[in-house]
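**Student:** Give me a model of this one.
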Amino acid sequence: MNQVVDQESTENRWLPVIAGIAIQLCLGTVYIWGVFQPAVVKLFDWSQATVALTFSLVLGIFVCGSTIGGMLQDKFSPKPVIIGGGIILGIGVFLASFTTAERPWWLWLTYGVIGGFGMGTTYPTIIACCQKWFPDKRGLITGLIVSALGFGGVIFTPLARYLISSRGVLETFVWFAAIFTTVCIIGAQFIKNPPPGYKPAGWTPPVSTGGTLTKQNFTTREMVYTPQFYMVCITLMLATAAGLMVIPFAKVLGIQGGLSDAAATSGVMVIALFNSFGRLFWGAMSDKLGRKTTIICLLIIAGLCMLFLAKAQGYSVLVLIAIIAFAYGGYLGVFPAITADFWGLRNMGMNYGIILLGFGVAAVVSPYVAGYIHDTTNGFETSFLITAIASFIGAVLFFFLKPPGYKSTRIDTGISK
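**Tutor:** Okay, here's the model as predicted:
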């Protein structure tokens, strides 16, 4: 039996969180593609759909990397996985600087596939490690870690805008590659799992209503045999479709809504800020409100905002984009906690990597389809309607969601609220 270690006998459990936040800030640059999108379109005279495919690939391959990264960190340790992921990310972004007008596939391969894979291997590794240090504050710590990824856009948007205007978009890739690699390698030195059997001082693991522990640690194989896995995956796909449609086109949406170029560009920072705040706020609130109540409310709010966005003009575009990003951040702050609640912490890295398959489908399909619809109709109205309906369907699905083994035993996590 693993020895239970109290908090005083361990290292400072906030150190991995601080290092993880620094790395997540770099990974958050995935959400400022809205700054790169018009610059790349202008430089190479490509269509919106062609350039948006890069963003789709980043997030789609991100999911593949998450699955592998989660598996590796569960089997080995977080440090080598994060170092490897950071190096792969840096290589991909650096190679993107050699893109030419005749080779859009090169941008897809380097920034999209290689860069996305590097991001993916790193992301769940940090979440899983920090959750193991904070089983007593799972929602809060998950929200804090993933909010850093969203806040990275706030930090890197002005830097990207400055470098693109002064150095060009291709040289900007070089600078970003150097930053990402350096931060990941240094930050990884401070990230490691707690000792086996670790338990914070004064914290007692939750028990079922019958007074006995439920099976809190599902293997990935066991997880995929539960119906809840498919409901959670599908809901995550439907939920994130709206945010993933808006993020790469934030500046385009602002300009079409009548905003100036500068004001429209601020939409990228608005998304990053509210995406970040949503992850932290809703991750913590889900500990109080319950995961289920939180997700259903966010789905309804996001669906309504997508309907209103179809007719929005002026600064109301930014307001609606902010709310959608706030909800999107909430999903990515709460779903990791749901994964840990349902299937346990021991295999959290691998399990959440598999759950992210739903996110991956939305990431590949939503931005590209939105770009294609824009190129053919010169508008996003049809895309808004599709993603609004998706959000409402997700709310209905989640309403019927129950924890695994609900009829016999359940962990008192608040998921049913």
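
**Student:** May I have the helix or strand harbouring His374 exported as CSV, CA atoms only?
**Tutor:** If you go by DSSP states H and E, His374 is part of helix 357-377. These are the backbone C-alpha positions of helix 357-377, laid out as CSV (Å, rounded to 0.1, in the frame of the first residue of the first chain):
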residue,chain,number,x,y,z
LEU,A,357,-10.8,13.9,-29.0
GLY,A,358,-14.1,15.7,-28.9
PHE,A,359,-12.3,19.1,-28.9
GLY,A,360,-10.1,17.9,-31.7
VAL,A,361,-13.0,17.2,-34.0
ALA,A,362,-14.4,20.7,-33.3
ALA,A,363,-11.0,22.2,-33.8
VAL,A,364,-10.5,20.7,-37.2
VAL,A,365,-14.0,21.2,-38.5
SER,A,366,-15.3,24.5,-37.1
PRO,A,367,-12.6,27.0,-38.2
TYR,A,368,-12.2,25.5,-41.7
VAL,A,369,-16.0,25.3,-42.3
ALA,A,370,-16.4,28.8,-41.1
GLY,A,371,-13.7,30.0,-43.5
TYR,A,372,-15.2,28.1,-46.4
ILE,A,373,-18.7,29.5,-45.7
HIS,A,374,-17.2,33.0,-45.6
ASP,A,375,-15.3,32.5,-48.9
THR,A,376,-18.5,31.3,-50.6
THR,A,377,-21.1,33.6,-49.0
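
**Student:** Past it, which element shows up next along the chain?
**Tutor:** Per DSSP H and E, the first helix or strand lying C-terminal to helix 357-377 is helix 381-399.

**Student:** what about that following helix, average pLDDT?
**Tutor:** In this model, helix 381-399 has an average pLDDT of 94.

**Student:** helices or strands up against that helix?
**Tutor:** With contacts defined as 3 or more Cβ pairs under 8 Å, 6 or more residues apart in numbering; DSSP states H and E, helix 381-399 has these neighbours: helix 227-246, helix 291-309, helix 357-377. (C-beta placed from N, C-alpha, C; glycine too.)

**Student:** As a markdown table, those helices with mean pLDDT and distance to Thr219 would be great.
**Tutor:** Shown next, in a markdown table, are the helices and strands packed on helix 381-399 (pLDDT from 0 to 100; distance: least, Cβ to Cβ, whole Å):
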| stretch | mean pLDDT | distance to Thr219 |
| --- | --- | --- |
| helix 227-246 | 93 | 12 |
| helix 291-309 | 95 | 22 |
| helix 357-377 | 87 | 17 |
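
**Student:** Not counting stretch 156-167 itself, show me its contacts.
**Tutor:** Contact with stretch 156-167 is made by 25, 28-29, 32, 35-36, 39, 171-172, 175-176, 265, 268-269, 272, as judged by Cβ atoms under 8 Å, 6 or more residues apart in numbering.

**Student:** which stretch among the helices and strands packed on helix 381-399 comes nearest Phe55?
**Tutor:** Across the helices and strands packed on helix 381-399, Phe55 has its closest neighbour in helix 357-377 (5.1 Å, Cβ to Cβ).

**Student:** Contact partners for Tyr18?
**Tutor:** Let me fix one detail, which is that residue 18 is Ile and not Tyr. In this structure, Ile18 makes contact with Phe190, judged by Cβ under 8 Å, 6+ apart.

**Student:** buried residues in stretch 285-301?
**Tutor:** Residues of stretch 285-301 classed as buried under the neighbour-count rule (16 or more other Cβ atoms under 10 Å) are 285-287, 289-299, 301.

**Student:** Name the nearest residue to the one residue sitting closest to the centre of the chain, ignoring sequence neighbours.
**Tutor:** Taking Cα atoms, centre = their mean, the centroid of the chain lies closest to Leu332, which sits 5.2 Å from it. Excluding its sequence neighbours, the residue lying closest to Leu332 (Cβ to Cβ, 6 or more residues apart in numbering) is Val146, at 5.3 Å.

**Student:** Next one: that neighbour relative to Leu25, how far apart?
**Tutor:** 12 Å (Cβ to Cβ, to the nearest Å).

**Student:** cool, and Ile127?
**Tutor:** Applying Cβ to Cβ to Ile127 and Leu25 gives a distance of 14 Å.

**Student:** next one: Leu236
**Tutor:** Leu236 sits 23 Å away from Leu25, going by Cβ to Cβ.

**Student:** Among these two, which residue is more densely surrounded?
**Tutor:** Leu236 (27 against 23; other Cβ atoms under 10 Å).

**Student:** wait, what's in contact with the more buried one?
**Tutor:** Neighbours of Leu236 in contact, by Cβ under 8 Å, 6+ apart: Tyr331, Phe335, Ile355, Leu356, Gly358, Phe359, Ala362.

**Student:** For PyMOL, what selects the buried ones among those residues?
**Tutor:** For the buried members of those, the matching PyMOL selection, counting by 16+ other Cβ under 10 Å, is:
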select buried, resi 331+335+355+356+358+359+362
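
**Student:** nearest to Met223, of the contacts of Leu236?
**Tutor:** For the contacts of Leu236, the closest approach to Met223 (Cβ to Cβ) belongs to Ile355, at 8.4 Å.

**Student:** Apart from its neighbours in sequence, what residue is nearest that closest one?
**Tutor:** Thr339 is the one closest to Ile355 (Cβ to Cβ, 6+ apart), at 5.3 Å.

**Student:** Surely that neighbour and Tyr352 touch.
**Tutor:** Yes: taking Cβ atoms under 8 Å as the definition, Thr339 is a contact partner of Tyr352 at 4.7 Å.

**Student:** Of these two, which one has the most company?
**Tutor:** Shown here are Thr339 and Tyr352; by other Cβ under 10 Å, Thr339 has more neighbours (29 against 26).

**Student:** Just to be sure, the more buried one is in a helix?
**Tutor:** Yes: checked against DSSP: H, G, I helix; E, B strand; the rest coil, Thr339 lies within a helix.
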